[in-house]
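1. Sequence first, predicted model second:
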Amino acid sequence: MAQSSHSPENGVDGDDEREEEEEEEAEEGDQVGADDHDEEPRLKYQRMEGSVPSLLSTDAASSISISERMIALGTHGGVVHILDFQGNQVKEFHAHSATVNDLSFDSEGEYIGSCSDDGLVVINGLFTDECFKFVYHRPMKALALDPDFSRKSSRRFVTGGLAGNLLLNAKTWLGYRDKVLHYGEGPVHAVKWRTTLIAWANDAGVKIYDMGNDQRIAFIEKPRGNPRPELLLPHIVWQDDTLLVIGWGRSIKIAAIRTKPSLGVNGIEKTANILSSTKYADIVASFQTSYFISGIAPYGDALVALAYISEEYSGGIVLSNTIPSRQGTAQRPEVHIVTWKNEELTTDSLPVHGFEHYLAKDYGLAHAPFTGSSYAGGQWAAGDEPLYYIVCPKDVVIARPRDAEDHISWLLQHGFHEKALAAVEAGQGRTKLLDEVGSRYLDHLIVERKYAEAASLCPKLLRGSAAAWERWVFHFAHLRQLPSLVPYMPTADPRLSDTAYEVALVALANNPSSHKDLLSTVKSWPPELYSVLPVISAIEPQLNTPSTTELLKEALVELYVINKQYEKAFALYADMMNPEVFDFIENHSLHDLIQGKVVQLMMVDSKKAVSMLIQHRDVVFASEVVSQLLSSSGKYDKKYLLHLYLHSLFEVDMNAGKEFHDSQVELYADYEPKMLLPFLHSSQHYKLDKAYEICVKKDLQREQVFILGRMGNTRKALSVIINKLEDIKEAIEFVSMQHDDELWDVLINQCRHKPEMIGVLLEHTVGNLDPLYIVRMVPNGLRIPRLRDRLVKIITDYRTETSLRHGCNDILKADCVNLLVKYYKEARHAVYLGSMEEEELEKRGQRAGSQTTERAAAARNTETKSRTKGGGRCCLCFDPFSIQDVPIVVFFCCHAYHVPCLTGSTDAGPPLGRSGSRGPDEDDGAREGGSRLRCVLCTTAAG
């Protein structure tokens, strides 16, 4: 159950009464608070304000009626107050001198009728000055205006009272006349008019009269065992045009008005006007309550009942048939919402002023007319909700269905924050209500120490409010729970202040368990959101403390990079031995910084480190790398790392680390013996004696052979091959390479007592050593395996070799003869050198000038000098060739002549190619058709 808070001074007269009310409200608060958790109420309550408190401070309410336009409130002083729905007085009519027992509006809300114990029925126009006053001389208890009172000229109404007559008053040609509709069954206690139907209650029960057919159509008997009507009045209300709700004593009945069609002959239904059809009442619901009913009204498909509770009634059992007197024993009135099957939906207790002194008939319940068409599932559309007015002498309380915001408020009050949030998100209530719900929900979660859940809801609850976000960021920081909120903090829409983001990052940095979140946050947040320096300043002091983690260092590296402090970032990366350090170096060109972090880089990834060090050996020298590796200390094999570096360096540049080749010999022997021999072959910068000692120590025999060979100790090397390697083929190859005949004797002597080696020696010495020499040195009686086959092979190989030699000699001889013939023919030719005029003709069309001519003359003179004897002079006329511009002939013997001097005529020219030698074919042609030239000074001739 729930109740609304009421102002204690409303309807209060005197200090004593106010103190009592405060105590009562405190007690009621305790009581309601205990029941609040059971079920959410359906109604909310509010005292009517405006003019009502002041009106009731000097008078007491006795009746109330509601129209669609306004409210009419009758008092025991005989005044009818017209109020708006806020309780402000619009009009008042001093119509009576005694208690106003009943009020009635017409359907248009233009007229208000009232009846009183003074025997008067007064009808006043609300928008005109009309006033109709009817005198009956007996107290009138009930009144109902014709719903069409304002539209019809008949001005009808029904009324009744202690006289026991139900009167219908109407205007005729002769004036207003009363018609008795019923009499003789005691006072009329209540009357209600709906369309053509009039329902009234007297001491016998409830009757319904149909004005359309001008007949009574139903009688519903008064419930038995109820108190007298004077003490507990019956209450009737039309729910709609066909449903009548009756609340009397502890009984509730619902009558449905149905139409019985008129039947003709043989039961055939007549077609007639609906007004002529017979109507009857059918009780569709009836049940007993545990309380007295002081008012009844419809509530959608349920009912609202105003319950009167007395201490003399316990457990729903009536102990007497009378209502207790005003002895202060009554309890608070209650509002019950029940179904037609008497199922209690909700019960609310009302703290009205002076309730303990009131009787059941002192209360009244009225409801504002409503269509109810939008009612569904206990909810009405906005503006279509029914309003209920509970009236007592000193109070008027308004009850209305709780709306979505009331529902949300109730959920929040009772700790159902999730349901409240779901209701707001579903579109119930004002949008601004989400802020309140969100704030209270977050406060609730914080009190419950559910920080992670509160943080996860912040994006939904705080939405785009930067101020709200910052407020909660600092609140979480104050509680030292900010790491829970950081993953949900927005970086845009809204964007918070720099300080908020900095505080968040510092909070993550100060919490070792949140360092992973710090790293991911630094990577994901745009750098422009915050200032990096405050965060760096908060992290750096932690680097040498036990709380330092690798994740914290990685985050600091990211911050260094954002702040462009690449040197610090690299140093930290290297100390962390992070595999990404190599990409970082390449991306930021930090190769000049790696010389101080050689060991760390090698420990991170030796292959990448070696590759980088060798690639940038002009920056990081080999001596620096070797020095750092040898001087380092740690649980790693520094010699192996040194081997990897020197080996890779040697493969790239054999001379780059030549001063460390002595060390490399030992490193190869320790880590990669197979590579030692190629290294010994390639390098010239190691000490042979030291290398030999290492090979002997490591029992590297082939390496020993190579080193002994380079040292000149070939006999010892051969001994190692034969005695340790026992590889005669290698021994033969070794001896062959030494070109030392004495070494062959040593080989034979060392193998002479080893039959298998002798056999192999016989097979592989053909061409190097005479096999007969080996055979003669073999001791007699030595059994050589497969000797016969080997001898046959030796002989066959010898024959083959001899044949090949003969063939090669024949080929060599033929080649020599051919070359001599060619040489002879070449020697017979002369070389013809043209004159300057001829050369100029050949160069026509090309670049001309004095420089070209000079170069050509110089070239001709040089060529002549180079090819001839006699210092460039003709061997006949002894004139220099440069004086006369005539052709020249140069013979193979290097004698040169002017062509005219040699031929004896300047017109005759030799059949020679210009500036070149004549081939054999040309020589034959010259011999046949041309003149023959010969050197005068020697026997060589052409032709």
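-> Sure, I can see it.

2. Sketch out the helices for the stretch 351-500 of the chain, chain order is fine.
-> 404-413, 417-425, 433-447, 451-462, 466-478, 482-485, 498-509 (DSSP state H, counting those that start in this stretch).

3. and among these, the most buried is which?
-> helix 482-485 (a mean of 24; mean count of other C-beta atoms under 10 Å). Yep, even glycine has a C-beta here, placed from its N, CA and C like the rest.

4. quick one on the thing from earlier: of all the helices of the stretch 351-500 of the chain, which one comes closest to residue 720?
-> When the helices of the stretch 351-500 of the chain are compared by C-beta to C-beta, helix 498-509 sits nearest residue 720, at 67.3 Å.

5. So which residues lie in contact with the closest one, not counting its own?
-> 469-470, 473-474, 477, 480, 482-483, 485-486, 489, 514-515, 517-518, 521-522, 525, 529-531, 534-535, 538-539, 542, 552, 555 (C-beta atoms under 8 Å, 6 or more residues apart in numbering).

6. Could you check how far residue 672 is from residue 700?
-> According to C-beta to C-beta, to the nearest Å, residue 672 and residue 700 sit 12 Å apart.

7. re the thing from before, could the helices of the stretch 351-500 of the chain go into a markdown table alongside mean pLDDT and distance to residue 53?
-> As requested, these are arranged in a markdown table below (pLDDT from 0 to 100; distance: least, C-beta to C-beta, whole Å):
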| stretch | mean pLDDT | distance to residue 53 |
| --- | --- | --- |
| helix 404-413 | 84 | 24 |
| helix 417-425 | 81 | 34 |
| helix 433-447 | 84 | 30 |
| helix 451-462 | 89 | 40 |
| helix 466-478 | 92 | 40 |
| helix 482-485 | 92 | 49 |
| helix 498-509 | 93 | 50 |
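
8. Please identify which of those is closest to residue 819.
-> Nearest to residue 819, of the helices of the stretch 351-500 of the chain and by C-beta to C-beta, is helix 498-509 at 91.6 Å.

9. which SS state does residue 336 fall under?
-> strand (DSSP: H, G, I helix; E, B strand; the rest coil).

10. thinking again about what came up before, make JSON lines out of the helices of the stretch 351-500 of the chain and add distance to residue 794.
-> Shown next, in JSON lines, are the helices of the stretch 351-500 of the chain (distance: least, C-beta to C-beta, whole Å):
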{"stretch": "helix 404-413", "distance to residue 794": "113"}
{"stretch": "helix 417-425", "distance to residue 794": "105"}
{"stretch": "helix 433-447", "distance to residue 794": "103"}
{"stretch": "helix 451-462", "distance to residue 794": "94"}
{"stretch": "helix 466-478", "distance to residue 794": "99"}
{"stretch": "helix 482-485", "distance to residue 794": "91"}
{"stretch": "helix 498-509", "distance to residue 794": "87"}
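
11. returning to what we had before: if any of the contacts of helix 498-509 are buried, put those into a PyMOL selection.
-> Provided next is the PyMOL selection string for whichever of these are buried by 16 or more other C-beta atoms under 10 Å:
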select buried, resi 469+470+473+477+482+483+485+486+489+514+515+517+518+521+522+525+529+530+535+538+539+542+552+555
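
12. for this protein, longest helix please?
-> helix 787-828 (DSSP state H).

13. Which other helices and strands does that one contact?
-> helix 755-764, helix 920-929 (3 or more C-beta pairs under 8 Å, 6 or more residues apart in numbering; DSSP states H and E).

14. ranking those helices by mean pLDDT, which is last?
-> Per-stretch mean pLDDT for the helices and strands packed on helix 787-828 is lowest at helix 920-929 (a mean of 43).

15. what about residue 672 and residue 700, which has more around it?
-> Neighbours of residue 672 and residue 700, each counted by other C-beta atoms under 10 Å, are more numerous for residue 700; the result is 22 against 14.

16. hang on, that one packs against residue 666?
-> No - using C-beta atoms under 8 Å, residue 700 is not in contact with residue 666; the gap is 11.2 Å.

17. Overlap in contacts, the two.
-> residue 694.

18. Relative to residue 78, how far out is the spatially closest residue to residue 473 that is not a sequence neighbour?
-> Nearest non-adjacent residue to residue 473, counting by C-beta to C-beta, 6 or more residues apart in numbering: residue 500, 4.8 Å away. Distance from residue 500 to residue 78, counting by C-beta to C-beta: 69 Å.

19. Check residue 504 too.
-> 73 Å.

20. what do you get for residue 69?
-> For residue 69, the distance to residue 78 (C-beta to C-beta) stands at 23 Å.

21. The two: which has the busier surroundings?
-> residue 78 (22 against 15).

22. who's in contact with that one?
-> 94-100, 116, 118.

23. and it, backbone torsions?
-> phi 80, psi 10 (degrees, to the nearest 10).

24. My guess is residue 512 contacts residue 547. True?
-> Yes - counting by C-beta under 8 Å, residue 547 is a contact partner of residue 512 at 5.0 Å.

25. where does the spatially closest residue to residue 172 that is not a sequence neighbour land in three-state SS?
-> Counting by C-beta to C-beta, 6+ apart, the nearest residue to residue 172 once its immediate chain neighbours are dropped is residue 154, at 7.9 Å. Assigned by three-state DSSP, the conformation of residue 154 is coil.

26. Enumerate every residue touching residue 154.
-> Applying C-beta under 8 Å, 6+ apart, the residues near residue 154 are 146, 170-172.

27. mind checking how far it is from residue 193?
-> Here residue 154 is placed at a distance of 13 Å from residue 193 (C-beta to C-beta).

28. Show me whatever sits in contact with both of these two.
-> Listed as contacting both residue 154 and residue 193 by C-beta under 8 Å, 6+ apart are residue 146.

29. Which residues does the helix or strand harbouring residue 733 contact?
-> Residue 733 is part of helix 728-738, with elements assigned from DSSP states H and E. The contact list for helix 728-738 (C-beta under 8 Å, 6+ apart) reads 705, 709, 714, 717-718, 721-722, 743-744, 747, 751, 756-757, 760-761, 764-765, 768.

30. by contact count, what packs against the helix or strand just after that helix?
-> Downstream of helix 728-738, the next assigned helix or strand under DSSP H and E is helix 741-751. Packing partners of helix 741-751 (3+ C-beta pairs under 8 Å, 6+ apart): helix 714-720, helix 728-738, helix 755-764, helix 771-777.

31. can you list these in JSON lines and add mean neighbour count and distance to residue 886?
-> Converted to JSON lines, the helices and strands packed on helix 741-751 look like this (neighbours: other C-beta atoms under 10 Å; distance: least, C-beta to C-beta, whole Å):
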{"stretch": "helix 714-720", "mean neighbour count": "19", "distance to residue 886": "70"}
{"stretch": "helix 728-738", "mean neighbour count": "18", "distance to residue 886": "64"}
{"stretch": "helix 755-764", "mean neighbour count": "20", "distance to residue 886": "71"}
{"stretch": "helix 771-777", "mean neighbour count": "13", "distance to residue 886": "72"}
